[in-house]
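>>> Please work out how this folds:
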Amino acid sequence: MGITDLGKEIIRLRKQNSMTQNDLAQDVCTQAALSLIERGQTKPTLETIFFISLKLNKPISYFLQYLLDDNVEYINRTVSFIEKLAFKQRFNDVHQLTQKELRSMENNNRTWFEQYLRWMNVISSYRLKRENYQMTVSLLKDLLKEEYFLINQKGFLHFKILNSLALIHGENDNLTSSLMYYNKALKSEFKEVTPSLLRQPEIYRLRILYNKAKTLYDLKKFQEALDTVNQGIKESKENENISMLGNFYYYQGQCYEKMNGNCASIKEAYRNAEFIYGFLGKDNYLNIVREKKKGYLDDK
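Numbering: from 1, shown residues only. Down below sits the predicted model:
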């Protein structure tokens, strides 16, 4: 899909609604501008698409799939590759790739792909220590400007940028700001304007809950941390996803300890964490819980 297909679809829907170009263009743009859009010779702004969607009685997401997904296959491959590099912490490769892609782009209307590349470029720059804490926060906040609101809804990018801000504040001991961004992220809606290219939003939400719980624990707000952990356990079960479950149980035990909870509850939490880590093959975490919580695990 691309702007040519977008133009053809607008023509089809316009005719289906028995509208002339002049009818559709009224209060939206000039007839000449609409003619260029329909011929696929120009990319309309998000504002224009919004008003066209209203007049053609279609959700804006219907048209954004054309506007934002020009060359979808290439974008999917590139995003997937960047995600794999980031997962392996190959941030120098991420930085070089995103820089190369950004240099090749025209400075017209920003697309979702460009917004995604800018986000990953900022993160890789920070991890490579090419940008300091303050500048990184400033650049990430720029990506959350109101003008990018619609773009950021795709691929729950808004949510991911908030998560990045929370993590970076936490790493720099600004736990209050970190907690603020975790709460903002958890309040975000996970409805997307177009299907996600990446993982399901529920998985990212579980990560956010875990990171929030850790931050609350570090702030010595143990009851709030425990409440967040229990919410994470509940949502893990509801979503049939155990990727973060071991971590939740580990911090459940930590909170019980700090709150002088009963020994049986503490033991159960750490044994659950041990089982999940073993089942998932997370040997590093398994060794940590067995070494640090040996007293609770040995007494079976």
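>>> For whichever helix or strand Asn284 is part of, give me every contacting residue.
Per DSSP states H and E: Asn284 is located in helix 283-292. Residues from elsewhere that reach helix 283-292 (C-beta atoms under 8 Å, 6 or more residues apart in numbering): Gly246, Asn247, Tyr250, Tyr270, Ala273, Glu274, Tyr277, Gly278, Leu297. C-beta coordinates here come from the backbone N, C-alpha and C atoms, glycine included.
>>> Those residues in helices, which ones?
Using DSSP state H, the subset of the contacts of helix 283-292 located in helices is Gly246, Asn247, Tyr250, Tyr270, Ala273, Glu274, Tyr277, Gly278, Leu297.
>>> Name the nearest residue to Ile11, ignoring sequence neighbours.
In space, and not counting its chain neighbours, Ile11 is closest to Glu38: 5.1 Å by C-beta to C-beta, 6 or more residues apart in numbering.
>>> That neighbour: how many residues sit nearby?
Residues near Glu38, counting by other C-beta atoms under 10 Å, number 20.
>>> just Asn57 next, same as before
By other C-beta under 10 Å, the residues close to Asn57 number 9.
>>> Quick one: classify it as helix, strand or coil.
coil (DSSP: H, G, I helix; E, B strand; the rest coil).
>>> Surely it and Asn17 touch.
Yes - Asn57 is within contact range of Asn17, at 7.4 Å (criterion: C-beta atoms under 8 Å).
>>> which neighbours do the two share?
Listed as contacting both Asn57 and Asn17 by C-beta under 8 Å, 6+ apart is no residue at all.
>>> still on that earlier bit, and the residue nearest to Ile11, what pLDDT?
You'll see Glu38 listed with a pLDDT of 92.
>>> And it, how far from Ser243?
Per C-beta to C-beta, to the nearest Å, Glu38 is found 46 Å from Ser243.
>>> try Gln99
For Gln99, the distance to Ser243 equals 31 Å [C-beta to C-beta].
>>> Show me the shaky parts of the stretch 51-200 of the chain.
Across the stretch 51-200 of the chain, the ranges flagged by pLDDT under 70 are 61, 65, 67-73, 106-109, 189-200.
>>> which residues in it form helices?
60-68, 72-87, 91-103, 112-127, 133-142, 149-153, 157-171, 175-187 (DSSP state H, counting those that start in this stretch).
>>> OK, contacts around the most centrally placed residue in the chain?
Nearest to the mean C-alpha position of the chain, by C-alpha atoms, centre = their mean, lies Lys160 at 2.9 Å. Taking C-beta under 8 Å, 6+ apart, we find Lys160 in contact with Trp119, Tyr204.
>>> The one 5 residues further on too?
For Leu165, the contact set (C-beta under 8 Å, 6+ apart) comprises Val137, Leu140, Lys141, Ser177, Tyr181.
>>> Any figure for the gap between it and Ile123?
Using C-beta to C-beta, we find Leu165 at a distance of 11 Å from Ile123.
>>> Quick one: neighbours of Tyr182, just the number.
27.
>>> nope, Glu131 is what I was after
18.
>>> surely it meets Leu140?
No - Glu131 lies out of contact with Leu140 (C-beta under 8 Å); the separation is 10.1 Å.
>>> which neighbours do these two share?
By C-beta under 8 Å, 6+ apart, the residues touching both Glu131 and Leu140 are Val122.
>>> returning to that earlier point: need the contacts of Leu165 in JSON lines with distance to Thr45 and neighbour count, can you?
As requested, these are exported to JSON lines (distance: C-beta to C-beta, whole Å; neighbours: other C-beta atoms under 10 Å):
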{"residue": "Val137", "distance to Thr45": "29", "neighbour count": "21"}
{"residue": "Leu140", "distance to Thr45": "24", "neighbour count": "20"}
{"residue": "Lys141", "distance to Thr45": "23", "neighbour count": "11"}
{"residue": "Ser177", "distance to Thr45": "34", "neighbour count": "15"}
{"residue": "Tyr181", "distance to Thr45": "30", "neighbour count": "26"}
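>>> which of these lies closest to Tyr74?
Leu140 (25.7 Å; C-beta to C-beta).
>>> check contacts around the closest one.
Contact partners of Leu140, counting by C-beta under 8 Å, 6+ apart, are Trp119, Val122, Ile161, Ser164, Leu165, Ile168.
>>> how many neighbours does the spatially closest residue to Leu226 that is not a sequence neighbour have?
What sits nearest to Leu226 in space, not counting adjacent residues and going by C-beta to C-beta, 6+ apart, is Cys255, at 4.0 Å. When counting by other C-beta under 10 Å, one arrives at 25 neighbours for Cys255.
>>> hmm, back to that, so for Leu6, which of the helices of the stretch 51-200 of the chain sits nearest?
helix 60-68 (3.6 Å).
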